[in-house]
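Asks: Would you be able to build a 3D model of this:
(one chain, ligands or ions: 1)
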Amino acid sequence: MPKVVVVYHSGYGHTQRMAQSVAEGAAAQVLAIDADGNLPEGGWDTLNDADAIIMGSPTYMGSVSWQFKKFADASSKPWYSQAWKDKLFAGFTNSAATNGDKMSTLNYLFTLAMQHGGIWVSQGMLPSNSKGAQRNDANYLGSYSGAMAQSPSDAGAGEMFPGDLETARNFGSRVADVASRFQR
Ligand SMILES: Cc1cc2nc3c(=O)[nH]c(=O)nc-3n(C[C@H](O)[C@H](O)[C@H](O)COP(=O)(O)O)c2cc1C
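Replies: Below you'll find the predicted structure:
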């Protein structure tokens, strides 16, 4: 079994729900970056030991939250020795608007993974983009580079679209599947 770790920040619980769905699909361990931008005790060791790291952040002002960025900057320590080189990486995000510049956030997560010498895993799912597409379909947002979810600004975390959570679960499952292929 590959060791898959989901590391994420969530200010108001939406990205946390998404992270839980990703982790469910990947049978992954979850590390929550706290409100001060810190990992729980032992978090860095867990990441150093992972085969695949799936990173998640809400989209705030067109990028990751400052708490996620603090984690990213602190990852310069393993970067120095390229300790995460050749691990698999993947990313997910959630924002209020249908677009909301989520792609910028995924691009940032991709760049971080590349700085670490990682291998990026895509969403790997066709979009639901026909005339008959419904908001609750899986990958209704049509993302390829990672998993996306949209939570209207006045909707609580409990009201997230089931299709977005299914997308997140499928995404986690794909990363775990690719990770197990890399173990062969
Ligand atoms: C500081 C801040 C900046 C935000 N910037 C964006 C944005 O650029 N695009 C967008 O669509 N939503 C934006 N939002 C909305 C959040 O992405 C949205 O509320 C999301 O569900 C929050 O996720 P969370 O509950 O995990 O923190 C912003 C929210 C905050 C608090």
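
Asks: For the closest residue to residue 29 other than its chain neighbours, grab phi and psi.
Replies: Leaving aside its sequence neighbours, residue 29 sits nearest to residue 5 (C-beta to C-beta, 6 or more residues apart in numbering; 5.1 Å). For every residue, glycine as well, the C-beta is placed using N, CA and C. Main-chain dihedrals, residue 5, degrees, to the nearest 10: phi -120, psi 130.

Asks: Residue in the chain with the shortest distance to the ligand?
Replies: residue 100 (2.2 Å; C-beta to the nearest ligand atom).

Asks: In this structure, which residue sits furthest out from the middle?
Replies: For the chain, the largest distance from the centre (C-alpha atoms, centre = their mean) belongs to residue 131, which lies 28.5 Å off.

Asks: secondary structure class for that one?
Replies: coil (DSSP: H, G, I helix; E, B strand; the rest coil).

Asks: Begin at 55, not 1, for the rest of this chat.
Replies: All right, first residue 55 from here; so that's residue 185.

Asks: And the pLDDT for it?
Replies: Among the per-residue scores, residue 185 shows a pLDDT of 98.

Asks: now the one 3 residues further on
Replies: For residue 188, the pLDDT comes out at 98.

Asks: Just to check, it is in contact with residue 216?
Replies: No: judged on C-beta atoms under 8 Å, residue 188 makes no contact with residue 216 at a distance of 10.7 Å.

Asks: Residue 177 - how many residues pack around it?
Replies: Counted with other C-beta atoms under 10 Å, residues neighbouring residue 177 total 25.

Asks: That should have said residue 211, apologies.
Replies: Neighbour number of residue 211 under other C-beta under 10 Å is 15.

Asks: Ramachandran angles for the residue lying closest to it once chain neighbours are set aside?
Replies: Nearest residue to residue 211, sequence neighbours excluded (C-beta to C-beta, 6+ apart): residue 67, at 3.5 Å. With angles defined as degrees, to the nearest 10, residue 67 sits at phi 100, psi -10.

Asks: and the top helix by length along the chain, average pLDDT?
Replies: Looking across the chain with DSSP state H, the single longest helix is helix 216-237. Averaged over helix 216-237, pLDDT sits at 97.

Asks: and if you look at stretch 92-108?
Replies: For stretch 92-108, the mean pLDDT works out to 98.
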